[in-house]
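Peer 1: need a 3D model of the following:
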Amino acid sequence: MGRKIFIFVWELFKITVISLAIILPVRYYLIQPFYVRGASMEPNFYNHEYLIVDQISYRFREIERGEVVVFRYPRNPQEHFIKRVIALPSESIEIKQGDVYIYNEKNPQGISINEPYLDEKYLSNYSSEGRIDLQDNEYYVLGDNRGSSKDSRNFGPLKQEFITGRVLLRGLPINRATMFNEIPMYEGVDF
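Peer 2: Coordinates of the predicted model:
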């Protein structure tokens, strides 16, 4: 009887080690679960939604405007936030009465961006204090619920090193399950 228990425990141990050898690299280097807390991304992401974050794509390609990213909060890296990328490195951004203007090489006079993913009831008439210039490794991120979001308007440009990854999948609740493989189009805008 003792030998059967030993064999059972040994097999259980091997299964556990093999499972961890598969799961841990996936969890820490490829994808990561994320649980939405708060209303800063409504109506696109609600409180208590369960997301899967792609941690590997940005090792092979650049972050794009309009993508929803999860990042470590610069003032407390233990906390994670979810926001949308609005302005890219080396661009400038200005917000006038809630309208976002991007300044870059193609648009030195600035161009207003149309944000089709926003719901009018979640907008605010916030204005920035002039233009904000981004460095080579900085992004400007905003919540979709502009009136209830702690974002780059509060903590400034986000350095790339804080970005964990992009939202790939909403898994829960099941009735809102969605793959996020497309970036919202900015109609009529040439960045």
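
Peer 1: could you point out which residue ranges in this structure have low pLDDT?
Peer 2: Within the chain, the ranges that satisfy pLDDT under 70 run 1, 14, 17-32, 121-123, 127, 182-191.

Peer 1: hmm, who's touching the lengthiest strand in it?
Peer 2: The residue-count maximum for a strand in the chain (DSSP state E) belongs to strand 76-87. For strand 76-87, the external contacting residues (Cβ atoms under 8 Å, 6 or more residues apart in numbering) are 34, 36, 40-41, 45, 51, 63-73, 93, 100, 102, 113, 117, 132, 134, 139-144, 149-152, 158, 162, 164, 167. Yep, even glycine has a C-beta here, placed from its N, CA and C like the rest.

Peer 1: partners of that strand, with directions?
Peer 2: Here strand 76-87 has these sheet partners by DSSP bridges: strand 68-73 (antiparallel), strand 138-142 (antiparallel).

Peer 1: I'd like the next helix or strand past that strand.
Peer 2: The helix or strand immediately downstream of strand 76-87 is strand 92-96, counting by DSSP states H and E.

Peer 1: what are the buried residues along that next one?
Peer 2: For strand 92-96, the neighbour count (16 or more other Cβ atoms under 10 Å) marks 92-95 as buried.

Peer 1: what does that strand contact?
Peer 2: 86-87, 100-104, 110, 126-128, 130-134, 140, 153.

Peer 1: and E49, what does it touch?
Peer 2: 35-36, 170, 172-173, 176.

Peer 1: got a PyMOL select line for the buried ones in those residues?
Peer 2: Buried residues within the contacts of E49, by 16+ other Cβ under 10 Å, are selected in PyMOL with:
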select buried, resi 36+170
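
Peer 1: so which of the contacts of E49 are in helices?
Peer 2: Using DSSP state H, no member of these sits in helices.

Peer 1: closest one to R59 out of the contacts of E49, please.
Peer 2: Nearest to R59, judged by Cβ to Cβ, of those is R170 at 22.8 Å.

Peer 1: from Y103, how far off is the residue lying closest to the closest one once chain neighbours are set aside?
Peer 2: Nearest in space to R170, with sequence neighbours left out and distances taken as Cβ to Cβ, 6 or more residues apart in numbering, is T178 at 4.6 Å. Separation of T178 from Y103 (Cβ to Cβ, to the nearest Å): 32 Å.
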